[in-house]
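J.: Any chance you can model this:
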Amino acid sequence: MRGQSLLCLALAVFYASALWLMGLNHGILIGIVSGLLSFIPYVGSLTGLVIAICVVIAQFWPDWRVNLLVLVTFFAGQSLADYVLAPYLVGRRVHLNPVWMMFALFAFGYLFGFVGLLIAGPLAAAIGVLCAFALRQYYASQLYADASSPTPVHEDQWTRGSED
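T.: From the prediction side, this is the model:
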C-alpha cells in the first residue's frame, strides 16, 4: 500500500509540475487529480489526459504543439510509472527484485489484462513467499540431506572398474 501511495504521489508531482510549466490553466489541479487517481492503473493518466487536452484546446486553440506536449507528458509519466517507479517502489515494499516485479507486471498484464495489472504485485509476492517456504522445507528435509551427501565409494569398486 505504501509503495502504491508513493507511486501516486510521484505521478501527481510529475504531472502537476509538467502541466504548470506548460502554462496550462489549472495544470496543478489536473496533475494532482490525475496522479492521485493513478492508484487504478491507467485511469488516472487517461482522465488527466482527456481533461488536459480539453483545457489545452480551450486555452491554446490554434496552436497544436501544446497538445503534443500534453500527450508526451502523459505518455512519459505512464511509462515512468510502469517501467521505473512501480518495479522499484512497489517491488521493494513486497521484497521483490525490480526485474521480477517487471516480469510479474508483464506476465499478469498479458494473461489477465487490466485485472492482471492490479493483482500482479500481491500475487508475485505470494508466489515468492510460497517458493521461499518450499525451499526452506526442502533444505530442512531428509531428501536434501540424502541428495547432498556423497555416496560412499568402496575401494573394491575402484579395482573392479579397472579390471572390466
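
J.: Counting residues, name the longest helix you see in the protein.
T.: When the chain is parsed with DSSP state H, its longest helix is helix 98-140.

J.: That helix - contacts with which helices or strands?
T.: Judged by 3 or more C-beta pairs under 8 Å, 6 or more residues apart in numbering; DSSP states H and E, helix 98-140 is in contact with helix 91-93. C-beta here means a position set from N, CA and C on the backbone, and glycine is covered the same way.

J.: show me what contacts residue 77?
T.: 11, 14-15, 18, 45 (C-beta atoms under 8 Å, 6 or more residues apart in numbering).

J.: swap that for residue 11, please
T.: Per C-beta under 8 Å, 6+ apart, neighbours of residue 11: 34-35, 38, 44-45, 77, 80-81, 85.

J.: where's it, which helix or strand?
T.: For residue 11, the enclosing helix or strand under DSSP states H and E is helix 2-21.

J.: least trustworthy helix or strand in the protein by mean pLDDT?
T.: Among the helices and strands of the chain, helix 155-163 carries the lowest confidence by mean pLDDT, DSSP states H and E, at a mean of 54.

J.: if we can go back for a sec, which element follows the longest helix of the chain toward the C-terminus?
T.: Under the assignment DSSP H and E, the closest C-terminal helix or strand after helix 98-140 is helix 142-148.

J.: who touches that following helix?
T.: residue 138.

J.: Would you mind checking the average pLDDT for that helix?
T.: Mean pLDDT, helix 142-148: 73.

J.: Same check on stretch 110-121?
T.: Rounded mean pLDDT across stretch 110-121 is 82.

J.: Then stretch 41-60?
T.: Mean per-residue pLDDT for stretch 41-60: 84.

J.: Put the alpha carbons of that stretch into PDB.
T.: This file holds the C-alpha atoms of stretch 41-60, laid out as PDB (Å, rounded to 0.1, in the frame of the first residue of the first chain):
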ATOM      1  CA  PRO A  41      -3.800   1.700 -13.400                       C
ATOM      2  CA  TYR A  42      -4.300   3.800 -16.500                       C
ATOM      3  CA  VAL A  43      -7.500   5.500 -15.100                       C
ATOM      4  CA  GLY A  44      -5.600   8.500 -13.600                       C
ATOM      5  CA  SER A  45      -3.500   9.100 -16.700                       C
ATOM      6  CA  LEU A  46      -6.300   8.700 -19.100                       C
ATOM      7  CA  THR A  47      -8.600  11.000 -17.100                       C
ATOM      8  CA  GLY A  48      -5.900  13.600 -16.700                       C
ATOM      9  CA  LEU A  49      -5.000  13.400 -20.400                       C
ATOM     10  CA  VAL A  50      -8.600  13.900 -21.500                       C
ATOM     11  CA  ILE A  51      -9.200  16.900 -19.200                       C
ATOM     12  CA  ALA A  52      -5.800  18.400 -20.000                       C
ATOM     13  CA  ILE A  53      -6.400  18.100 -23.800                       C
ATOM     14  CA  CYS A  54      -9.800  19.800 -23.400                       C
ATOM     15  CA  VAL A  55      -8.200  22.700 -21.400                       C
ATOM     16  CA  VAL A  56      -5.400  23.000 -23.900                       C
ATOM     17  CA  ILE A  57      -7.900  23.200 -26.800                       C
ATOM     18  CA  ALA A  58      -9.800  25.900 -25.000                       C
ATOM     19  CA  GLN A  59      -6.700  27.800 -23.900                       C
ATOM     20  CA  PHE A  60      -4.300  27.400 -26.900                       C
END
